[in-house]
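Asks: Fold the following, please.
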Amino acid sequence: QVQLVESGGGLVQAGGSLRLSCAASGRTLSSYAMGWLRQAPGKEREFVAAISRSGGSTYYADSVKGRFTISRDNAKNTVYLQMNSLKPEDTAVYYCAADISVGVPKKLDDYDYWGQGTQVTVSS
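Replies: So this is what the prediction gives:
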């Protein structure tokens with residue numbers, strides 16, 4: 001089993017940047033495909049980005065493509081989400097999640113383990 005802890009959220013103005021981090025413990029991160037998902041107030045949780053175990057494959061939601069970049073450092077047991085050109089509609093709680101299966105998980109149901117989330121607020 002793996003434990004996930006997100007950090008790096010905060011308040012930023014529209015057009016700004018943030019980098020989220022997800023630190024894993026309990027089991028080596030390279031055993032999991034990883035993803036970032038988010039939930040805005042009053043909305044359902046949605047997929048943002050995912051990365052394969054090796055980091056060789058990534059996948060993004062259309063709403064963040066070209067602005068967000070997911071990456072991982074398996075030696076540091078950490079996954080990152082670099083968020084640029086932030087918009088007010090990016091405001092949400094961002095969750096890191098892990099999937100034991102091979103591939104790039106694109107659906108919420110694919111994920112086996114979840115962090116507690118970190119708040120990102122983008123002001124206009």
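Asks: which ones are touching residue 19?
Replies: By C-beta atoms under 8 Å, 6 or more residues apart in numbering, the residues touching residue 19 are 8, 80, 81, 82, 83. All C-beta spots, glycine's among them, are computed from the backbone N, C-alpha and C.
Asks: try it again with 10 Å
Replies: By C-beta atoms under 10 Å, 6 or more residues apart in numbering, the residues touching residue 19 are 7, 8, 69, 71, 80, 81, 82, 83, 84.
Asks: Report the beta-bridge partner residues of the nearest residue to the second one once chain neighbours are set aside.
Replies: On the basis of C-beta to C-beta, 6 or more residues apart in numbering, the spatially nearest residue to residue 8 that is not a chain neighbour turns out to be residue 20, at 4.2 Å. Note on residue 20: beta-bridge partners residue 81, judged by DSSP bridges.
Asks: Just say helix, strand or coil for the residue nearest the centre of the chain.
Replies: For the chain, residue 36 is the residue whose C-alpha lies nearest the centre (C-alpha atoms, centre = their mean; 2.2 Å). Put simply, residue 36 is strand when judged by DSSP: H, G, I helix; E, B strand; the rest coil.
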